[in-house]
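Student: Need a 3D model of the following:
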Amino acid sequence: MKYNAYMNNMLIINLNESSYDIVETPLFLIEEYIGGKGFGVKLYQKYIKADTEPLSPENVIMFINGPLTGTLAPSFRSCLITRSPLTGTWLDSYFGGYFGQEIKYAGYDAVIIKGKAAEPTYITINNDNINFHSAVDLKGKKVSETSEMIKNKHGREYKIACIGPAGENLVRYALVSCEHMRQAGRGGAGAVLGSKNLKALAVRGTNLVNVNDKKGFLEAVKKAHQELNKSPAIKSFKEDGTPGSIPYAQDIGMLPTKNYKYGQFKQSENLESKAQINNLWMRNLACSGCPIACGKIGRVFKGKFKGIISDTVEYETLGLIGANLGLSDINHIIKIANLCDELGLDTISTGGSIGFIFEAASKSNLDILQKEGLEFGNAETVIELVKNIASRKDELSNILAEGVKRASKHIPDSQEYSVHIKGLETPAWSPRGAPGMGLALMTADRGGCHQRAFPVSYEMGDDLWRGEKLNRLGVDKKAELVIYLQNKLAALDTLVKCDFGTYGISEESYRMMLNTATGFNLPPDYWQTLGAKIWDETRRINLKHGFERRDDYLPERFVKEPLPDGPASGHYISQADMDKMLDDYYRLRGWDKDGRLDT
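Tutor: Here you go, the predicted structure:
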């Protein structure tokens with residue numbers, strides 16, 4: 001049996017032999033796990049063993065789309081699955097743009113890459129015509145240069161996913177750049193490609209994606225568009241992009257400042273949308289088939305960096321490269337963000353790592369920290385460090401290229417300001433004034449991540465939880481809220497949805513688009529059931545990799561150090577708070593007190 005909305009084939013590439021196989025997508029994956037993250041949890045367990053080293057040839061990396069990717073359904077993306085070299089956990093990283101859709105048009109629900117090429121390589125995929133090419137001439141090239149050189153050789157119609165120098169040099173938080181100006185950013189997937197000597201994939205497809213019930217599907221799509229148009233949050237994304245979140249984070253005291261020591265940044269207004277409107281933005285930029293267009297592309301108009309072409313500097317980058325490093329000049333931040341994108345570095349982990357070393361330099365007498373300029377607010381030093389990290393130029397940049405968790409082992413007594421969870425540098429939402437957000441970070445399956453559950457709006461009272469306004473600083477009912485959000489988002493990541501789309505599109509509309517596209521008849525309560533199943537699967541994976549309850553805690557800065565500013569000033573998330581929330585969380589998930597379940 002073959003399902004509509006799927007291509008019903010997967011491409012398996014063996015780099016060891018420069019060979020490939022095209023196999024049918026297993027029916028049980030489609031019927032029980034839908035796509036995206038769902039496919040990923042089962043394929044991960046098939047190909048990646050408990051002792052597989054992330055940067056070894058035995059690790060596998062997978063590009064997976066969902067049944068609604070490449071259709072008329074609004075705001076859908078694709079994902080990348082592997083074992084993270086930064087955390088050692090399961091890693092699912094999501095990307096928009098056009099690359100994932102092109103994989104589907106080429107005829108595949110997934111591209112699975114195994115082994116290691118003997119020399120730098122890139123692969124072209126033109127429907128069922130797959131070829132391996134030497135990438136020696138691409139070695140050391142930036143992302144835009146790599147893409148341009150491949151397109152010039154093979155054709156402008158190809159869509160490119162590639163790594164920059166950071167991936168080639170195995171920086172543990174190197175990203176994969178996916179056309180156009182979109183990244184699979186977190187967790188170091190770029191280093192995995194680098195370890196395989198795979199510089200790029202170039203894909204071109206001419207297949208159509210069929211849906212089961214065209215009339216019903218178009219009606220469901222129309223309803224989803226109507227919901228997006230009615231959403232105030234979507235209106236904000238359209239007008240301001242994600243920088244519109246800066247004043248909100250500042251007001252509630254959750255904007256990380258100077259390595260998360262503070263929750264407010266005095267120059268935060270310099271990071272807001274208006275600064276980019278005045279200095280950068282020229283027009284909207286949307287991913288394939290997306291009506292939101294949260295991206296805003298432009299050129300720096302004046303000053304030292306005049307002429308730089310850049311997409312929006314989004315909220316997470318503004319938080320971690322801006323406030324967290326004490327930088328308030330938007331042109332400097334645009335330059336640093338653009339440099340990270342071109343070199344292939346995750347801006348969240350880059351900002352977290354540099355913020356850590358700035359604080360370390362103010363507290364430690366280590367020789368490597370006596371370098372002039374290692375201080376908050378020094379943009380020129382940040383620019384130099386970014387370049388050095390990508391090339392692993394010297395001892396300090398080599399340490400920083402390993403991420404905060406490993407870097408802290410080189411600096412005595414730095415644990416108290418080493419901010420990460422399971423090795424993943426935390427995002428731009430400092431949780432001391434929101435324990436539920438703390439729990440979401442603690443229990444996220446890839447490490448400290450805000451995209452697995454974001455309960456902040458409920459904790460601030462903007463949204464009611466089951467008809468009730470929650471106590472912002474309390475811990476009661478936070479576990480059940482986080483579980484609901486995690487299940488919902490994990491389930492929708494099988495489609496693969498865009499996070500921003502969920503601010504407008506209802507669960508019912510997602511269900512109807514899926515049912516009419518595929519011919520499924522999924523019930524209204526399906527998302528919670530599917531999400532819980534997937535969450536159990538990623539927990540099993542991480543348990544097999546050696547993770548336990550001790551890994552589900554916040555860093556010391558959020559536990560022992562009261563927040564010094566903002567409306568939650570004086571608050572921190574205590575050990576007792578964490579234990580109470582974890583006990584509730586494990587119990588509600590059906591896991592034992594140590595967070596274990598049948599493996």
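
Student: Return the alpha-carbon coordinates of stretch 45-65 using CSV.
Tutor: Provided in CSV are the C-alpha atoms of stretch 45-65 (Å, rounded to 0.1, in the frame of the first residue of the first chain):
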residue,chain,number,x,y,z
GLN,A,45,17.2,3.3,17.2
LYS,A,46,17.8,1.1,14.1
TYR,A,47,21.0,2.8,13.0
ILE,A,48,22.6,4.4,16.0
LYS,A,49,23.8,2.2,18.9
ALA,A,50,24.2,3.1,22.6
ASP,A,51,28.0,3.4,22.2
THR,A,52,28.1,5.1,18.7
GLU,A,53,30.5,8.0,19.0
PRO,A,54,28.9,11.2,17.4
LEU,A,55,31.9,12.0,15.3
SER,A,56,32.7,8.5,14.2
PRO,A,57,31.8,7.0,10.8
GLU,A,58,29.3,4.8,12.6
ASN,A,59,27.1,7.7,13.4
VAL,A,60,24.2,8.3,11.0
ILE,A,61,22.7,11.6,10.0
MET,A,62,19.2,11.8,8.5
PHE,A,63,17.2,14.6,6.6
ILE,A,64,13.5,13.8,7.1
ASN,A,65,10.4,15.7,6.0
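
Student: In that stretch, which residues are buried?
Tutor: For stretch 45-65, burial by neighbour count (16 or more other Cβ atoms under 10 Å) applies to 47-48, 52, 54-55, 57-65. For the C-beta atoms, the positions are set from N, CA and C on the backbone; glycine is no exception.

Student: Nearest to residue 324, out of the residues you listed: which one, please.
Tutor: Checking the buried residues of stretch 45-65 against residue 324 by Cβ to Cβ gives residue 54 as the nearest, at 26.1 Å.

Student: Just to be sure, which of the buried residues of stretch 45-65 are found in strands?
Tutor: Among these, the members found in strands (DSSP state E) are 61, 62, 63, 64.

Student: Max pairwise distance over these: which two?
Tutor: Within these, 61 and 64 form the most distant pair, 10.4 Å apart (Cβ to Cβ).

Student: so how far is the lowest-mean-pLDDT helix or strand in the chain off the chain centroid?
Tutor: Every helix and strand of the chain was ranked by mean pLDDT, DSSP states H and E. The lowest is strand 281-285, at a mean of 75. In terms of Cα atoms, centre = their mean, to the nearest Å, the centre of strand 281-285 is set 23 Å apart from its chain centre.

Student: Touching that strand from outside, list them.
Tutor: Residues outside strand 281-285 that contact it (Cβ atoms under 8 Å, 6 or more residues apart in numbering) are 180, 181, 238, 293, 295, 296, 297, 298, 299, 311, 312.

Student: Tell me if I'm right that the fifth one and residue 312 touch.
Tutor: To tie it back to what came earlier, the one meant is residue 295. Yes: using Cβ atoms under 8 Å, residue 295 is in contact with residue 312, at 5.3 Å.

Student: what do these two both touch?
Tutor: Counting by Cβ under 8 Å, 6+ apart, the residues touching both residue 295 and residue 312 are 241, 285.

Student: Residue 82 should be in a strand, yeah?
Tutor: Yes: counting by DSSP: H, G, I helix; E, B strand; the rest coil, residue 82 is located in a strand.

Student: Count residues in the vicinity of it, would you?
Tutor: Number of residues near residue 82 (other Cβ atoms under 10 Å) recorded here: 28.

Student: quick one on the thing from earlier: buried among the contacts of strand 281-285? Need that as a selection in PyMOL.
Tutor: Selection of buried members from those for PyMOL, criterion 16+ other Cβ under 10 Å:
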select buried, resi 180+181+238+295+296+297+298+311+312
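
Student: can you tell me which of the contacts of strand 281-285 are in helices?
Tutor: The helices, defined by DSSP state H, take in residue 238 from those.

Student: among the contacts of strand 281-285, which two are most distant?
Tutor: The largest separation in these, counting by Cβ to Cβ, is between 238 and 299 at 21.1 Å.

Student: related to what we said a few turns ago, identify the contacts common to residue 61 and residue 64.
Tutor: With contacts taken as Cβ under 8 Å, 6+ apart, residue 61 and residue 64 have 80, 81 as neighbours in common.

Student: Hmm, residue 425 and residue 349 touching each other?
Tutor: Yes: under the criterion of Cβ under 8 Å, residue 349 makes contact with residue 425 at 4.4 Å.

Student: Which neighbours do these two have in common?
Tutor: What both residue 349 and residue 425 touch, as defined by Cβ under 8 Å, 6+ apart, is the set 173, 403, 404.

Student: how about the last one, phi and psi?
Tutor: The one in question is residue 404. Taking degrees, to the nearest 10, you get phi -60, psi -40 for the backbone angles of residue 404.

Student: Go ahead and confirm it touches residue 352.
Tutor: Yes: using Cβ under 8 Å, residue 404 is in contact with residue 352, at 5.6 Å.

Student: So for those two, which residues contact both of them?
Tutor: 419, 420, 425.

Student: Can you tell me which of those comes closest to residue 25?
Tutor: Using Cβ to Cβ, the shortest approach to residue 25 within the shared contacts of residue 404 and residue 352 belongs to residue 425, at 34.8 Å.

Student: Let me see the contact set for that closest one.
Tutor: 173, 320, 348, 349, 351, 352, 353, 403, 404, 419, 448.

Student: after the longest helix anywhere in the chain, next one along is what?
Tutor: Ranked by residue count, the top helix of the chain under DSSP H comes out as helix 526-544. Using DSSP states H and E, the helix or strand that follows helix 526-544 towards the C-terminus is helix 556-560.

Student: Going toward the C-terminus from that next one, what's the next helix or strand?
Tutor: helix 575-589.

Student: For residue 399, give me phi and psi.
Tutor: According to degrees, to the nearest 10, residue 399 has phi -60, psi -50.

Student: burial of it, as a residue count?
Tutor: 21.

Student: Got the domain ranges for the protein?
Tutor: Here the domain assignment for the chain is 9-204, 242-415, 424-503+523-589, based on automatic domain parsing.

Student: Let me have those domains in JSON lines, extended by distance to residue 1.
Tutor: Compiled in JSON lines, those are given as follows (distance: least, Cβ to Cβ, whole Å):
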{"stretch": "domain 9-204", "distance to residue 1": "6"}
{"stretch": "domain 242-415", "distance to residue 1": "27"}
{"stretch": "domain 424-503+523-589", "distance to residue 1": "19"}
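
Student: of all those domains, which gets the most neighbours per residue?
Tutor: domain 9-204 (a mean of 22; mean count of other Cβ atoms under 10 Å).

Student: I'd like the mean pLDDT over that domain, please.
Tutor: Across domain 9-204, the average pLDDT comes to 97.

Student: Now do the end-to-end distance for it.
Tutor: This stretch, domain 9-204, spans 16 Å end to end (Cα to Cα, to the nearest Å).
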